[in-house]
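In: Here is my input; please provide its structure:
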Amino acid sequence: MKQERFTLVHALRGLAALWVVFFHVSTAGHISGLRSQLPSWADLFFSAGHLGVAIFFALSGFVITHSVAGASITASYIGRFALRRSIRLDPPYWASILFVVVAGYLSAQVKGEGFQFPTFPQTLAHLFYLQTLLGFPQINWVYWTLTYEIQFYLVLVLLITPLAIARAVFSSYLELKEAHEATIKVLLRAIEAKDPYVPGFATMLKDNDYITYVWNHIYLMTDNATYDLQRPVSGRKTSRVVNSSTAAR
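Out: Numbers count the residues shown, from 1 in each chain. Purely as a prediction, here's the structure:
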């Protein structure tokens with residue numbers, strides 16, 4: 001099925017990401033001359049660029065939630081969802097960790113400065129997005145956004161799994177209820193049927209204790225003579241039907 005694209009949402013995500021870039025460029029002091037020439041109100045465009053992260057989170061949450069809306073949530077679906085997110089996030093994230101470490105080492109060598117490689121526990125925590133929860137320093141401080149994104153995915157799974165289970169149980173109930181009503185209708189039609197090739201067919205069915213019990217309990221009207229054949233079991237008026245405790249004969 002072709003996925004729906006949200007042009008406006010993608011455009012807003014791009015603008016939010018660009019706003020964050022301007023924020024980092026500004027806080028690093030690369031455009032201090034430009035900022036000094038701008039009016040004070042325009043400086044807010046650079047100093048408040050960190051808000052782009054919040055916007056990006058909100059838009060990403062909408063897109064992810066919309067992608068699972070209406071889906072049949074099963075264990076295999078959750079597994080495929082996790083695999084897709086992993087394939088999309090992990091390779092570039094892990095590659096960026098390697099790049100940051102190598103670039104930092106080479107920069108330190110050129111400048112004649114010391115360089116401290118990340119520890120093994122620190123690196124392992126980063127590979128599984130656990131550095132924030134476990135209190136390890138960020139190899140690259142912008143990685144904190146990814147840890148929160150992964151936490152959002154986990155919370156989403158924890159929220160939709162019980163709802164998916166409840167929906168599956170309710171769907172099974174509706175299917176069982178529909179099958180039950182169809183069975184009752186077949187039994188009633190069988191009771192009223194006349195088979196010219198089997199003498200006493202209708203009487204034979206009426207003598208069946210189970211069929212008679214179901215027939216009387218569900219469809220026998222209060223006049224003890226007629227039967228409500230038009231209403232489904234769930235839609236009958238109980239005030240017009242004989243009480244089940246006294247209907248059977």
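In: and Thr27, how many neighbours?
Out: By other CB atoms under 10 Å, the residues close to Thr27 number 13. (Glycine included, C-beta is placed from N, CA and C.)
In: where does it sit relative to Asp43, distance-wise?
Out: Plainly put, Thr27 is 12 Å away from Asp43 if you go by CB to CB, to the nearest Å.
In: which residue ranges form the helices in the protein?
Out: 7-27, 32-37, 44-47, 51-68, 75-111, 120-127, 131-134, 144-192, 201-206, 209-219, 244-247 (DSSP state H).
In: on contacts alone, who are the packing partners of the third one?
Out: Pointing back at helix 44-47 there. helix 7-27 (3 or more CB pairs under 8 Å, 6 or more residues apart in numbering; DSSP states H and E).
In: So for the helix it packs on, mean pLDDT?
Out: Regarding helix 7-27, the rounded mean pLDDT is 87.
In: buried set for it?
Out: By 16 or more other CB atoms under 10 Å, the buried positions in helix 7-27 come out as 12-13, 16, 19-20, 22-23, 26.
In: which residues are contacting that helix?
Out: Outside helix 7-27, the residues that touch it by CB atoms under 8 Å, 6 or more residues apart in numbering are 31, 35, 45-53, 55-56, 59-60, 62-63.
In: Buried by neighbour count, from these: which ones?
Out: For these, buried by 16+ other CB under 10 Å: 46, 49, 52-53, 55-56, 59.
In: Make JSON lines out of these and add distance to Gln116 and pLDDT.
Out: As requested, the buried ones among the contacts of helix 7-27 are exported to JSON lines (distance: CB to CB, whole Å; pLDDT from 0 to 100):
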{"residue": "Phe46", "distance to Gln116": "32", "pLDDT": "83"}
{"residue": "Gly49", "distance to Gln116": "30", "pLDDT": "86"}
{"residue": "Gly52", "distance to Gln116": "31", "pLDDT": "87"}
{"residue": "Val53", "distance to Gln116": "28", "pLDDT": "87"}
{"residue": "Ile55", "distance to Gln116": "35", "pLDDT": "90"}
{"residue": "Phe56", "distance to Gln116": "31", "pLDDT": "84"}
{"residue": "Leu59", "distance to Gln116": "37", "pLDDT": "87"}
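In: and of the residues you listed, the nearest to Val102?
Out: Nearest to Val102 among the buried ones among the contacts of helix 7-27, counting by CB to CB, is Val53 at 26.3 Å.
In: Thr145 is in contact with that closest one, correct?
Out: Yes - using CB atoms under 8 Å, Val53 makes contact with Thr145 at a distance of 6.1 Å.
In: that older thread, mean pLDDT lowest where, among the helices of the chain?
Out: Minimum mean pLDDT among the helices of the chain: helix 244-247, a mean of 40.
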